[in-house]
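*Asks:* Show me how the following folds:
(one chain, ligands or ions: 1)
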Amino acid sequence: MDGEITSPMDEVVNDMSAGHVPETRVLIIMTGGTICMQKSSDGLVPARNFLERCMAPRPEFNDGHNHDPIEVGLHDGPNGVGRLQSLRTPTSVYGKRVRYAVLEFEELLDSSSIDSRGWTQIAQTIQRNYKLFDGFVVLHGTDSLAYTCSALSFMLQHLGKPVILTGSQVPFAERKNDALDNLMDAVDVAAHFMIPEVCLCFNSTLFRGNRSTKISASAFDAFASPNLPPLARITAVDTTVAWNMVTRPTTLQAFSIQTDLEIHHVACLRIFPGITAKMVDAVLRTENLRGLVLETFGAGNAPSGHDNELFKVIADAVQRGIVIVNITQCLTGSVNPLYAPGMVLGRAGVVAGGDMTSEAALTKLSYLLALPGATPESVARDMAISIRGELTENSGIIFSHPTGELSSPVTQLTAIAYGIASGDIDRVKDVLRNDSQLMNRPDYSGNTPVHLAATGSSLAILRYLLGLGASVHIRNNASRTPLFLAANAGLIPHVMLLRQAGAHLHQEELPTASLHASQRPEAWKQAGLEVGHDDKTR
Ligand code: ASN
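*Replies:* As a prediction, this is how the structure comes out:
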């Protein structure tokens, strides 16, 4: 028992002397799909008990020790937290062990049957478990996987932790399969890399979820992200993350979800040579239709039809309040007003969907329409801009620098640390302007700039880092979050700012936090600890 820990370094020294291997918690959410399927007389069908059947017998997933069941949020409400059997991996190359449980949905689906109810169930499960786990893996069939990835990317708002979806083309239970590698990669990414996005991990590649699309019904290489390079590639040697492409929440708001997408009130229509205005009108007159994704030719062109009939039908629907979004049928490239037919669509009030995939456009439309207070104007406006990195906006300035020109990350981190220690925000800004990725970079003791700023004198520096999208969830070598350090130092404004940005105490910190609580009760209370109520922060 220590009582007075005020500097991150004290924590590290204490922890290293204990010879502790940090544990990262990952919740695996099983929704169904080929990955869990078994043969039956009716063909492949989803089977239960994935953890016992597939993971427990494999040394990659099981260090052979008996572990206590872990807390998992199963339902909403005060009695919604139960305990599930857990396993732990051996120590990874990153020096961590991954403790995990598998939460299986009551009904395991072939993913061709998923709809917005299933997406709501996944989003709610993540919300219930957000504070209990460091990352999430969602196991899902491949057929509609790109739709689910896209839908979740919008539904999970201000996401600060990795949510990695995967599945397989061949069941885990088959001798030659892609399930083992896909699962291992997904768990590794969720446990070790602070990529606060909904991603798809498949065939040794990590894609931004809302950029992905299924391109093969049989190959292991089943997915592609045609308009965005992968976020990471996994090889036998290492995992290389394109950190400059990772998007992060830059609004200081805590994680929340939007459920019940309007998927039943939108449609997708592929234009083809010979399509008639009557056919398009029939779709646009579907009862309660609120939005349509129009898959057009090339850079956004549609046949004008006899006497411009098609455009009249479309313009009329826009007038009735239906949001129509134009995306291209091509696998790569973008809709833009290059040709007259595309321009005319724009004049009819059709929104240019840029380089969004069909999956992203459809689920984004359903999400925007479900937002409280949504109007056709607000939906049309937001369809044309990137809200989760789902489309390429050309106006943004991209900073890049030739390698070799800058000093080493260690030198730069030292400069940031010096800036934080002396309350010199300009110095911090100067260094991060060259390489904003440094904001999440740990130093030798695992402290990121946010850890340092959490106990620094300048609240403005902490706010600046959070506004850049720096993570509040990374733990230092002593497994401490920035929030823990701020509360322990009794810095209430820092605690409140971190909470506003979605920080919470980690499960592993709760027992120590409870021990310290009597000394700075207000700071710990603001940090979310129920002071005097043992370790319940939920
Ligand atoms: N039909 C399966 C599904 O999407 C396909 C798969 O997972 N490979 O559930």
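*Asks:* so who does the nearest residue to residue 321 once chain neighbours are set aside touch?
*Replies:* Nearest non-adjacent residue to residue 321, counting by Cβ to Cβ, 6 or more residues apart in numbering: residue 376, 4.6 Å away. Glycine gets a C-beta too; all of them are placed from N, C-alpha and C. By Cβ atoms under 8 Å, 6 or more residues apart in numbering, the residues touching residue 376 are 321-323.
*Asks:* With residue 349 instead?
*Replies:* With Cβ under 8 Å, 6+ apart, residue 349 has these contacts: 314-315, 318-319, 324, 380.
*Asks:* Need the residues you listed in CSV (columns: distance to the ligand).
*Replies:* Converted to CSV, the contacts of residue 349 look like this (distance: Cβ to the nearest ligand atom, whole Å):
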residue, distance to the ligand
314, 33
315, 38
318, 35
319, 39
324, 29
380, 32
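*Asks:* Can you turn the buried part of those residues into a PyMOL selection?
*Replies:* Only the buried entries of the contacts of residue 349 go into this PyMOL selection, using 16 or more other Cβ atoms under 10 Å:
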select buried, resi 314+315+318+324+380
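*Asks:* would TSV of the contacts of residue 349 with pLDDT and secondary structure be doable?
*Replies:* Shown next, in TSV, are those (pLDDT from 0 to 100; DSSP: H, G, I helix; E, B strand; the rest coil):
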residue	pLDDT	secondary structure
314	94	helix
315	94	helix
318	96	helix
319	96	helix
324	97	strand
380	96	helix
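*Asks:* Can you tell me how far residue 236 is from residue 98?
*Replies:* Distance check for residue 236 against residue 98: by Cβ to Cβ, to the nearest Å, it reads 19 Å.
*Asks:* residues near the residue in the chain that the ligand sits nearest to, how many?
*Replies:* Ranking the residues of the chain by distance to the ligand (Cβ to the nearest ligand atom) places residue 141 first, at 1.9 Å. The criterion is other Cβ atoms under 10 Å. On that basis, residue 141 has 24 neighbouring residues.
*Asks:* Show me which residues of this structure sit near the ligand.
*Replies:* 33-34, 110-112, 141-143, 167, 169 (Cβ under 6 Å from any ligand atom).
*Asks:* Need those residues in CSV (columns: secondary structure).
*Replies:* Formatted as CSV, the residues of the chain next to the ligand follow (DSSP: H, G, I helix; E, B strand; the rest coil):
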residue, secondary structure
33, coil
34, helix
110, coil
111, helix
112, helix
141, coil
142, coil
143, coil
167, coil
169, coil
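*Asks:* ok, and the most crowded of those?
*Replies:* The most crowded member of the residues of the chain next to the ligand, judged by other Cβ under 10 Å, is residue 167 (30 neighbours).
*Asks:* Would you report the backbone torsion angles of it?
*Replies:* Main-chain dihedrals, residue 167, degrees, to the nearest 10: phi -170, psi -150.
*Asks:* From residue 20, how far off is it?
*Replies:* Residue 167 is 34 Å from residue 20, by Cβ to Cβ.
*Asks:* Could you do residue 468 as well?
*Replies:* 31 Å.
*Asks:* now swap in residue 85 and tell me
*Replies:* Residue 85 is 24 Å from residue 20, by Cβ to Cβ.
*Asks:* same deal with residue 160?
*Replies:* Residue 160 is 24 Å from residue 20, by Cβ to Cβ.
*Asks:* ok so, going back, let me have the contacts of residue 349 in CSV, extended by distance to residue 106.
*Replies:* Shown next, in CSV, are the contacts of residue 349 (distance: Cβ to Cβ, whole Å):
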residue, distance to residue 106
314, 43
315, 46
318, 42
319, 45
324, 38
380, 38
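*Asks:* Go through the contacts of residue 349 and say which is closest to residue 147.
*Replies:* Nearest to residue 147 among those, counting by Cβ to Cβ, is residue 324 at 19.7 Å.
*Asks:* my guess is that closest one meets residue 350, correct?
*Replies:* Yes - assessed by Cβ atoms under 8 Å, residue 324 is found in contact with residue 350 at 4.6 Å.
*Asks:* Need the overlap of contacts for those two.
*Replies:* Common neighbours of residue 324 and residue 350 (Cβ under 8 Å, 6+ apart) are 294, 314, 318.
*Asks:* so what's the last one up against?
*Replies:* When contacts are counted by Cβ under 8 Å, 6+ apart, residue 318 is found next to 324, 348-350.
*Asks:* So for residue 160 and residue 20, which sits in the more crowded spot?
*Replies:* Shown here are residue 160 and residue 20; by other Cβ under 10 Å, residue 160 has more neighbours (22 against 13).
*Asks:* The more buried one: what secondary structure?
*Replies:* The three-state label given to residue 160 by three-state DSSP is coil.
*Asks:* got it, and residue 221?
*Replies:* Classified using three-state DSSP, residue 221 is coil.
*Asks:* do the same with residue 415
*Replies:* Going by three-state DSSP: residue 415 is helix.
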